[in-house]
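In: Based on what follows, work out the 3D shape:
(chains A and B)
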Amino acid sequence: MTSAAEGPDRGREGPDRRREGPDRGREGPDRGAEGRDRPGDGPDRRAEGRDRVGDGPDRPGRREGGPPGPGTAGDLVAVMTGFARTLRAAGVPADHERTQGLLRALSHLDAAEPRDVYWAGRFTLCASADDLPRYDRVFHAYFGGLRAGRARPAAITVTRHTATMSGAPGGDDGPAPVASASAAEVLRNRDVAKMTGAELAEVRRLLAVFRAEREQRRSRRLRPSQRGRLDSRATIRETLRRGGEAARLRYRAHRTRPRRVVLLVDVSGSMTPYADTLLRLAHALVRCEPRATEVFSAGTRLTRLTAELRHRDPATAMDAVSRAIPDWSGGTRLGEELKRFLSLNDARGAVVVIASDGWERGDVSLLGAEMARLSRMAYRVIWVNPHKGQRGYQPLTAGMRAALPHIDDFVAGHSLAAFEELARLLGGAHA
Amino acid sequence: MGSPGELAELLDREAYLAGEGLATAAFLALRMGRPLLLEGEAGVGKTELARTLATVLGAPLIRLQCYEGLDGPQVLYDWDFARQLLHLKAAEAGGVTDAARLEGEVYDRRFLIARPLLKAVETQPSVLLIDEIDRADVEFEAILLEVLSDFAISIPELGTIRAERPPVVVLTSNRTREVHDALKRRCLYHWLEHPSFDREVAILLRRLPACSATLAEQVARAAGRLREAGLVKPPGVAETIDWTEALLTLGARELDPDLAAATLGALLKHREDHETVLGNGILGDLRG
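Out: Below you'll find the predicted structure:
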């Protein structure tokens, strides 16, 4: 789809490109593709910078918001719009507003200079370090034709993540079973790994309206109250109203805020039967407290999923999630993942929920050490293990044993009833 | 200045070596009047850039260090309650009872305490450094967004105070949480990497004239290895500069393992990291 849409644009920009001179093009994409500050770049760049100082005043047509030089203006807009569209297809949030920012930035730089285009695009179209590899790839693919100084009307392939939902055992949304009270109770306690398609569909519908309260923490913010700190502004206003007589003191007190929850969902192979349901639970948690929830997938590559889960519609959200997770059904290196997670500092003061079977393929002692650090940083650590729901379960896997001493709550995560139990814990009901 | 290259030269004169990307980002921020959001590991020189920019522009640096719970009165403005009351009492002693007049007098600019954001709007030119924005709450970003959109602060009792020329704004984030998208949109975004070996050597020599080329190379090589070693907190440039300074203070002309071990506290700030480094002998062969 992407390549088809891009085709015509590429064709149009072709001839202009050639006129811009092949020598500029030669070095541009190289730089761009690497995109790091290399030491060698400095002096070169500066020397060129000096050359270009004189350019500024010579171009009377330059204006804020307008691309340089008459004649090329329309082309520049078209080229950059196409670039932004390609980036969007690759998952970089290069929307219209950001593209306008790029055009404005280019009006201060040399739009014919690939390096300037590279940097201006990176500053304005990217929103996070995660975008940079994708940006580099797309920049290279889109402007890559410059290298040889010729137009390449051929299709550009932008890698789109089309991971299938390996976690979803083919449940088409059939009609909901007419559930009597006892049938609903059976469903509540049933292991999702053993459900039929129709039962799963029902669980998904229930998860779509699942509600979880959140434990409150004291916020630093203040609001009017009967007691607390003196509110000098309100007091002085009151005093003025009474003609300068300090009659009544006003107070402010701390208000409360929901405590943050960070959820790490193991999406490795052994968790396949549960990953989809757990991610839907994550969606419900994000929906209930969008500001106070972060979700990551863990396996071999820690991936932040919070933005994807912000879609209101569960189907859209799950679709976005499946595209974002690069390591579905792979191995598990929880220790390393946890270490990366802790370096993000997201755990501080939060309730951290790890949903995993503890089937660690990496270094178990690392997992133990990182769990110890986590328990020191987090407010509470809750481990959700789907297998705990099975009768006669013993935490025998080495990973689980290493993690266990550092866990505050160890709960099952295989059924709706187990999810409700988890929700109670998040609501502040400590076991 | 007319180009990123010229800005890089000006920064260089103040002993700040900016790469092509950072120089271009700062140049655009100055020319477009847009805030610059710098993200990157701790110690890669985000805060230092704001400081150097202020020196280069000959403008005062107004710094706002963010932390959880920061709110309006702490960053925008506050009324000087004690002085207001004093004024009221003095007026009362003088026999003034006209409430409307008193109110007008009490809410005067001279009773207003300017906090960093108001100060930046009122001071021209100025460089406003909003440090570690990721530490503040999400609510705080809304206040910031409002101010950074039109560089105006409205005070109900006084009216709107507007900056004729927007201050240069540098925001830094260590990425402990994602900064809100609306705020990012207002900014030019740049991700700062650890410097390469050559650049780090250049930085060390530039910052510490007493440092020999051999020592700078050994320190940079060690720092490069430590960043690969999977430490809890890999050292940034700020730490390597500190470390080199410590070594120089001890009169080192070359780095040897004993000296390195003795001064490691300037470089690594976690007990676990000390154990890792001393345990696996990363610092054993530095002359390579």
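
In: got the domain boundaries for chain A?
Out: Listed by the TED database, the domain ranges of chain A are A:75-144, A:219-257, A:261-427.

In: Any idea which of those has the lowest pLDDT on average?
Out: Per-segment confidence across those bottoms out at domain A:219-257, which has a mean of 79 in mean pLDDT.

In: how far is it from where the chain is centred?
Out: With Cα atoms, centre = their mean, to the nearest Å as the basis, the distance from the averaged C-alpha position of domain A:219-257 to the chain average is 40 Å.

In: returning to that earlier point: chain B is nearest to which of the domains of chain A?
Out: Comparison of the domains of chain A against chain B by Cβ to the nearest Cβ identifies domain A:219-257 as nearest, at 2.2 Å. Every residue, glycine included, has its C-beta placed from N, CA and C.

In: hang on, B:Arg177 packs against A:Ala347?
Out: No - proximity of B:Arg177 to A:Ala347 does not meet the contact threshold set by Cβ atoms under 8 Å, at 10.9 Å.

In: More neighbours: these two, which one.
Out: A:Ala347 (24 against 21; other Cβ atoms under 10 Å in any protein chain shown).

In: which residues touch the more buried one?
Out: With contact taken as Cβ atoms under 8 Å, 6 or more residues apart in numbering or on different chains, A:Ala347 is in contact with A:Val262, A:Phe341, A:Leu374, A:Met377, A:Ala378.

In: just the residues of the stretch 151-288 of chain B that are near chain A, which are they?
Out: Counting by Cβ under 8 Å from any Cβ of the partner chain, the residues of the stretch 151-288 of chain B close to chain A are B:174-178, B:181, B:184-185, B:188-191, B:193, B:195-199, B:202, B:230, B:232, B:272.

In: quick one: which of these sit in strands?
Out: If you go by DSSP state E, those have B:Leu188, B:Tyr189, B:His190, B:Trp191 in strands.

In: Dump the residues you listed into JSON lines; add distance to B:Leu53, pLDDT and neighbour count as well.
Out: What follows is these, written out as JSON lines (distance: Cβ to Cβ, whole Å; pLDDT from 0 to 100; neighbours: other Cβ atoms under 10 Å in any protein chain shown):
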{"residue": "B:Leu188", "distance to B:Leu53": "13", "pLDDT": "95", "neighbour count": "23"}
{"residue": "B:Tyr189", "distance to B:Leu53": "17", "pLDDT": "95", "neighbour count": "26"}
{"residue": "B:His190", "distance to B:Leu53": "13", "pLDDT": "95", "neighbour count": "23"}
{"residue": "B:Trp191", "distance to B:Leu53": "18", "pLDDT": "94", "neighbour count": "23"}
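
In: partners of the lengthiest strand in chain A in the sheet?
Out: Residue-count comparison of every strand in chain A, with assignments taken from DSSP E, identifies strand A:216-225 as the longest. On the basis of DSSP bridges, the sheet neighbours of strand A:216-225 come out as strand A:251-258 (antiparallel).

In: got a list of contacts for the partner strand?
Out: Contacts with strand A:251-258, where a contact means Cβ under 8 Å, 6+ apart, come from A:214-231, A:234, A:289, A:291-292.

In: Need the buried ones from those selected in PyMOL.
Out: Selecting just the buried residues from the contacts of strand A:251-258 in PyMOL takes one command, with 16 or more other Cβ atoms under 10 Å in any protein chain shown as the test:
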select buried, chain A and resi 214+215+217+219+220+221+222+231+289+292
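
In: Quick check: what element follows the longest strand of chain A along the chain?
Out: Following the chain from strand A:216-225 toward its C-terminal end, the next helix or strand by DSSP states H and E is strand A:229-230.

In: That next one packs against which elements?
Out: Using 3 or more Cβ pairs under 8 Å, 6 or more residues apart in numbering or on different chains; DSSP states H and E as the contact criterion, the elements in contact with strand A:229-230 are strand A:251-258.

In: State the next helix or strand along the chain beyond the strand it packs on.
Out: Following the chain from strand A:251-258 toward its C-terminal end, the next helix or strand by DSSP H and E is strand A:261-266.

In: List the contacts of that next one.
Out: Contact with strand A:261-266 is made by A:214, A:271, A:275, A:278-279, A:282, A:285, A:289, A:292-299, A:302, A:305, A:332, A:334, A:337-338, A:341, A:346-347, A:350-357, A:378, A:426, as judged by Cβ under 8 Å, 6+ apart.

In: among those residues, which are in strands?
Out: Checking those against DSSP E, those in strands are A:Thr293, A:Glu294, A:Val295, A:Phe296, A:Ser297, A:Ala298, A:Val351, A:Val352, A:Val353, A:Ile354, A:Ala355.

In: What residues does the second one make contact with?
Out: Taking Cβ under 8 Å, 6+ apart as the criterion, A:Glu294 is in contact with A:Arg260, A:Val261, A:Val262, A:Leu263, A:Arg304, A:Thr306, A:Asp346, A:Ala350, B:Arg177.

In: can you list the residues of the stretch 301-431 of chain A near chain B?
Out: Contacts of the stretch 301-431 of chain A with chain B, taken as Cβ under 8 Å from any Cβ, map to A:Arg304, A:Thr306, A:Ala307, A:Lys339, A:Leu342, A:Ser343, A:Leu344, A:Asn345, A:Asp346, A:Arg348, A:Ala369, A:Arg373.
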